[in-house]
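[1] the following block contains a protein sequence and its predicted model.
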Amino acid sequence: MQDLLGLDGLARPPLAATPLVRRGVVMTSLMVGFTLAVPVAEAQVIHTDGAGLNAGEVRIPATGGSLPGYAAAPAAPGRYPVVLVIEEIFGVHEHIKDLCRRLAKAGYLAVAPELYARLGDLSTMTDVPTIIRDVISKAPDAQLLADLDSAAAWATGTGLSGSLGDPARLAVTGFCRGGRNTWLYAAHNPALKVAVAWYGPVGGTPSPIQPRTAADAAAELKAPLLGLYGAADTGIPVPEVEAAVARARAAGKTVELRVYPDTPHGFNADYRPSYRKAAAEDAWARMLAWFRGHGAG
């Protein structure tokens with residue numbers, strides 16, 4: 001299933017070009033359970049428990065108020081490497097929360113801010129076209145990048161009950177739309193150590209508030225980036241991704257691409273029929289190794 005139809009490849013403007021959204025936050029808390037917009041494959045859903053963790057919903061100070069988010073970290077007090085987890089278009093629902101807990105079990109402070117909280121209540125939306133029209137297409141990339149910066153500041157300055165993030169070990173990962181936004185954040189934040197983009201579109205049609213594609217930003221990456229893609233993803237042509245990788249490498253950037261044969265879009269989404277266990281497990285191990293190998297472990 002494709003998360004963004006024709007809009008998934010839109011990219012961010014320069015920060016000075018688009019004013020940040022000043023209106024109030026619509027979603028004041030996270031949804032419970034899974035998104036209503038896609039069928040859930042109950043038999044394969046992974047549940048990671050919270051044993052040995054600090055984990056739960058948090059409030060992240062940001063422009064115009066505070067955003068709801070989910071965070072998880074080892075319970076023992078200390079400074080941990082930080083992973084910013086960027087959602088799909090469906091919001092920070094149970095799958096994204098579980099990914100945060102998995103990362104915490106691996107020794108990270110993981111935080112997933114609800115990046116679309118100002119634009120609509122994703123917990124009530126039941127179809128993809130509505131989400132795209134009413135939320136995703138109206139989200140300025142400048143705001144998104146600023147909110148990710150706010151989440152990083154929260155993780156390293158407030159954290160969870162003694163579990164604090166180490167600002168010198170900052171990573172980002174994201175899924176589908178979040179994978180696209182991972183490319184953009186890796187071109188935005190010079191303090192970032194490492195990035196991993198899961199099946200993030202690199203092309204698309206620009207708009208005034210999202211004027212650059214991820215491919216446009218590829219030559220500006222400020223951190224090593226690992227791309228995890230499926231060869232059977234009908235919405236993200238592999239040659240398009242390879243061209244973005246080549247552009248980054250030509251600019252002297254460190255980029256690695258792993259393409260899984262006969263694998264569709266959303267192969268890590270264990271709550272959806274697109275899930276592919278072998279590819280997802282291999283990609284997760286590669287992500288953790290990429291983090292450790294580039295200063296965020």
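    Happy to help now that I have it.
[2] now the spatially closest residue to Asp127 that is not a sequence neighbour, what's its secondary structure?
    Closest residue to Asp127 apart from its sequence neighbours, by C-beta to C-beta, 6 or more residues apart in numbering: Ala37 at 5.8 Å. C-betas here are computed from N, CA, C, even on glycine. Ala37 falls in the coil class when you classify it by DSSP: H, G, I helix; E, B strand; the rest coil.
[3] distance check, Ala37 against Asp262.
    26 Å (C-beta to C-beta, to the nearest Å).
[4] bridge partners for Ala55, pull those for me.
    Ala72 (DSSP bridges).
[5] typo on my end, Thr173
    Under DSSP bridges, the beta-bridge partners of Thr173 are Val85, Val196.
[6] and it, how far is that from Ala41?
    Going from Thr173 to Ala41 by C-beta to C-beta gives 22 Å.
[7] higher neighbour count, these two?
    Between Thr173 and Ala41, counting by other C-beta atoms under 10 Å, Thr173 is the more crowded of the two (26 against 14).
[8] isn't that one right up against Thr182?
    Yes - judged on C-beta atoms under 8 Å, Thr173 makes contact with Thr182 at a distance of 6.2 Å.
[9] can you pull the residues that touch both of these two?
    Counting by C-beta atoms under 8 Å, 6 or more residues apart in numbering, the shared contacts of Thr173 and Thr182 are 86, 195-198.
[10] only the buried subset of the residues you listed, as a ChimeraX command please.
    Applying 16 or more other C-beta atoms under 10 Å to the shared contacts of Thr173 and Thr182 leaves a buried subset, and the ChimeraX line that selects it is:
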select :86,195,196,197,198
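[11] could you dump the shared contacts of Thr173 and Thr182 into CSV and include pLDDT and distance to Ile46?
    Converted to CSV, those look like this (pLDDT from 0 to 100; distance: C-beta to C-beta, whole Å):
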residue, pLDDT, distance to Ile46
Ile86, 98, 19
Ala195, 98, 23
Val196, 99, 18
Ala197, 98, 21
Trp198, 98, 15
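[12] can you list the shared contacts of Thr173 and Thr182 in a markdown table and add distance to Ala151?
    Formatted as a markdown table, those follow (distance: C-beta to C-beta, whole Å):
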| residue | distance to Ala151 |
| --- | --- |
| Ile86 | 9 |
| Ala195 | 15 |
| Val196 | 16 |
| Ala197 | 17 |
| Trp198 | 18 |
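[13] nearest to Asp134, of the shared contacts of Thr173 and Thr182?
    Distance to Asp134, by C-beta to C-beta, is smallest for Ile86 among those, at 19.7 Å.
[14] the closest one contacts Leu148, doesn't it?
    Yes - the criterion here is C-beta under 8 Å, and Ile86 meets it with Leu148 at 7.3 Å.
[15] give the residues shared as contacts by these two.
    115, 172, 181, 185.
[16] and the two most separated of those?
    Largest separation among these by C-beta to C-beta: Leu115 and Val172, giving 12.3 Å.
[17] so which of Ala37 and Asp262 has more stuff around it?
    The residue with more neighbours, out of Ala37 and Asp262, is Ala37; 20 against 9, by other C-beta under 10 Å.
[18] list the contacts for the more buried one?
    By C-beta under 8 Å, 6+ apart, the contact list for Ala37 reads 90, 125-128, 131.
[19] scan those residues and report the most crowded one.
    For the contacts of Ala37, neighbours tallied by other C-beta under 10 Å; top is Phe90, 28 neighbours.
[20] how near is the spatially closest residue to that one that is not a sequence neighbour to Lys97?
    What sits nearest to Phe90 in space, not counting adjacent residues and going by C-beta to C-beta, 6+ apart, is Thr35, at 3.8 Å. With distances taken as C-beta to C-beta, Thr35 is found 12 Å from Lys97.
[21] start to end distance for stretch 73-84?
    By C-alpha to C-alpha, to the nearest Å, the extent of stretch 73-84 from end to end equals 12 Å.
[22] which residues sit against that stretch?
    Contacts for stretch 73-84 (C-beta under 8 Å, 6+ apart): 52-55, 103-104, 107-113, 148, 151-152, 155-156, 159-167, 169-173, 185, 291, 296-297.
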